[in-house]
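**Q** Kindly generate the corresponding structure for this input.
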Amino acid sequence: MTKKYIIALFIIAASSFSCKKFLDVQPKSRIKEDLLFEKETGFMDALSGIYTLMARRDLYGDKLTMSFLDVLAQRYRSTTKTSPYWDAANYNYEGTTGIGVRNTIRTIWLSSYASIANVNNILGRIEEKKGIFKDNNYNLVKGEALGLRAFLHFDLLRMFGPVMATDPTAKSIPYRTMLNKESQPLLPANEVVKLIINDLLQAEELLKNDPIVSGAANDYNDFSPANRKYRMNYLAVQATLARVYQYNNQPAEAYAYAKKVIASGKFTFVTSEDVSNTGACRDRLFRNEQLFALQITNMKVYTDEYFSVVPTTYENQALNNDDAVINSVFENSSTDYRRQYLWESKDGKLLHTKYLQFESIPSNCSWIKNLVPVERVSEMYYIAAECSPDINESVDLMNEVLSHRGLDPLVGISSKAALQQAITKEYQKEFFSEGQLFYYYKRNRFTTIPGSTVIADNKVYVLPVPEDELIFQ
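**A** Below you'll find the model as predicted:
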C-alpha cells in the first residue's frame, strides 16, 4: 500500500468527524480501503498514520505542546496588542487577528476528531479480521487504538470540558466510538470520563504483554521494545489512567496507577552528564524519562522561528521570555538543570532550547531527533505525591525528582498546602513548552493564571466548541 494512498484514506476517514461536512466514501475508495485491511500490515500502517496525524502542527507537533496551550498558561512574553499571541494570552477566544485564536481552536477540535475517526475505522474493522494477526499483534493494535481514542478524547475534555471539581455534569464533548456521519450529542463531562476510563481499562488488558514491559522481540519493527515509547504503549495507558483519575478527583486510583508506572523500572532520570553535554549531544528532552513521545516532521523549520533570535522583537514570532520572569520561575537557581542547560541568553533575549534541532548528531549520541514528549515519568511522581495519603511519602516522591534536577530536597513540608505549592512550582519548571501547565491550573481552579490579571473563570478555562458543531446539539 503506497504512502500516498494511505494519506488519502486518512482524509476520507476523517470526513466523518464533522457531521455537516461528511463526504460519503465512494465505491472505488471503499475497495481500496478494504484491500488495506486485508493484511496485518494494513492495520499497522493505518495505526502508524494516526501517530502521523497527531504529530502534525495542528495537534501535538505544535499547538497542544509548545505554542497555543503554553501561551494560555502565560509561558511567553506577549505584552502588546501587536503581538500575534495577544488574543490567546488575554483569552479572547473569538479573536481573528494574529494567530487567529478562533480558527486555531476550531482546527484543534477538527484535527482531534479526524484522528479519532481514523482510530474508529481501525476498531470498526479489526474484529472481523482478527484471524489475520500473528503472535500478540491483534492485542497490540487494538490496545493502542483504544488507548489513543481515550487519550484524544481526554485532551479534548480538558480543553472544552468544565472544571470538574465544580461542574462535573456540564455538557462537554461528544465521545465518538464509530466511524459514521451521524451527529453525536455533547455529553456531560462525568459521562465522558467514564467512557475514557472504560477504553483505557480495555487497552490496559490488551497491552499487558506489551514488549515495553516484557522486553520481547517482535517481527514488526514498531512493536520492538526500543520503539514502544513512541507508541501508546502499556505504561503510557497506565499513565493516562493516572491523569484521568486525578482529573476526575479519584486520588486513590490516580495514586495507584502512577505508582505502577514508577514501579515498572523502565524509565531512568536524565544524568547530569547527559544534560550538561555540549551542542547536539545535550539531552534536552530527557529521552529516558519519556513514556510516550511523538516524532515530528520538519520540526526544525518552525522551532527555529519560535525559539530563536531571528524576529526583531518578542512581538513578532519568537516564543520566549525575559530573564527576570524565567529566573523567578526557577527561583534564581544556578543548579537546576532545566534552567541551567535548557535556556540560553543571546543578543539580549532569553531563548528556550528544549527543542533546538541540529542538522546532524555525532554517532556517540545519535538518539532519535525531532521528538516532542507527550507523557513523562516525572509527572507520575508528581501525581503520586499529590494523591498519596502519606505526606512523608509525598515529600520523598518529590525529592526523588528534585535530586535528578540538581536541586536540594524539600524540608519542613508538613501540610498539604505547602506540598501543593511545591508541586505547583515543579509543574511550572518541568513542562515548559509541553502544554501541561494550563491543564494543571484548570484542574486546581487557579482564580488567576500566574502572569495574567484576567480572572480565570469558565470563560478562560473552557474553550468554546466550534459553532458548526453546536448546530446539531
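
**Q** Now do the contacts for the spatially most central residue of the chain.
**A** Nearest residue to the geometric centre of the chain (Cα atoms, centre = their mean): residue 374, 4.0 Å. The contact partners of residue 374, by Cβ atoms under 8 Å, 6 or more residues apart in numbering, come to 60, 65, 236, 290-294, 434. C-beta: built from backbone N, CA, C; applies to glycine.

**Q** Tell me how many other residues crowd residue 106.
**A** Residues near residue 106, counting by other Cβ atoms under 10 Å, number 18.

**Q** For burial, what's the neighbour tally of residue 166?
**A** Residues within reach of residue 166, counting by other Cβ under 10 Å, total 11.

**Q** Quick check, it in contact with residue 445.
**A** Yes. In terms of Cβ atoms under 8 Å, residue 166 counts as a neighbour of residue 445; the distance is 7.0 Å.

**Q** circling back to that earlier point, is the nearest residue to the residue nearest to the centre of the chain once chain neighbours are set aside part of a helix or strand, or is it coil?
**A** Nearest non-adjacent residue to residue 374, counting by Cβ to Cβ, 6 or more residues apart in numbering: residue 292, 4.6 Å away. The assignment at residue 292 comes out as strand when based on DSSP: H, G, I helix; E, B strand; the rest coil.

**Q** At which residues are the strands of this protein located?
**A** 290-295, 343-346, 349-352, 371-376 (DSSP state E).

**Q** contacting residues for residue 424?
**A** 440, 444.

**Q** about what we covered before: of the strands of the chain, flag the one that's most buried.
**A** The highest average neighbour count among the strands of the chain, using mean count of other Cβ atoms under 10 Å, belongs to strand 371-376 at a mean of 24.

**Q** who does that one pair up with?
**A** Applying DSSP bridges to the sheet, strand 371-376 is found paired with strand 290-295 (antiparallel).

**Q** what about the strand it pairs with, distance to the chain center?
**A** 9 Å (Cα atoms, centre = their mean, to the nearest Å).

**Q** again with stretch 450-459
**A** Worked out by Cα atoms, centre = their mean, stretch 450-459 lies 23 Å from the chain centre.

**Q** Quick one: end-to-end distance for that stretch.
**A** By Cα to Cα, to the nearest Å, the extent of stretch 450-459 from end to end equals 16 Å.

**Q** Could you measure from residue 355 over to residue 161?
**A** Using Cβ to Cβ, to the nearest Å, we find residue 355 at a distance of 28 Å from residue 161.

**Q** Could you check which of the two has the larger neighbour count?
**A** Shown here are residue 355 and residue 161; by other Cβ under 10 Å, residue 161 has more neighbours (29 against 23).

**Q** Quick check, that one in contact with residue 463.
**A** No. Residue 161 is beyond contact range of residue 463, at 9.2 Å (criterion: Cβ under 8 Å).

**Q** Where does pLDDT dip in the stretch 301-450 of the chain?
**A** Within the stretch 301-450 of the chain, the set of residues satisfying pLDDT under 70 comprises 309-317, 348.

**Q** Take the strands of the chain and write them to JSON lines, including distance to residue 139.
**A** What follows is the strands of the chain, written out as JSON lines (distance: least, Cβ to Cβ, whole Å):
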{"stretch": "strand 290-295", "distance to residue 139": "18"}
{"stretch": "strand 343-346", "distance to residue 139": "43"}
{"stretch": "strand 349-352", "distance to residue 139": "40"}
{"stretch": "strand 371-376", "distance to residue 139": "21"}
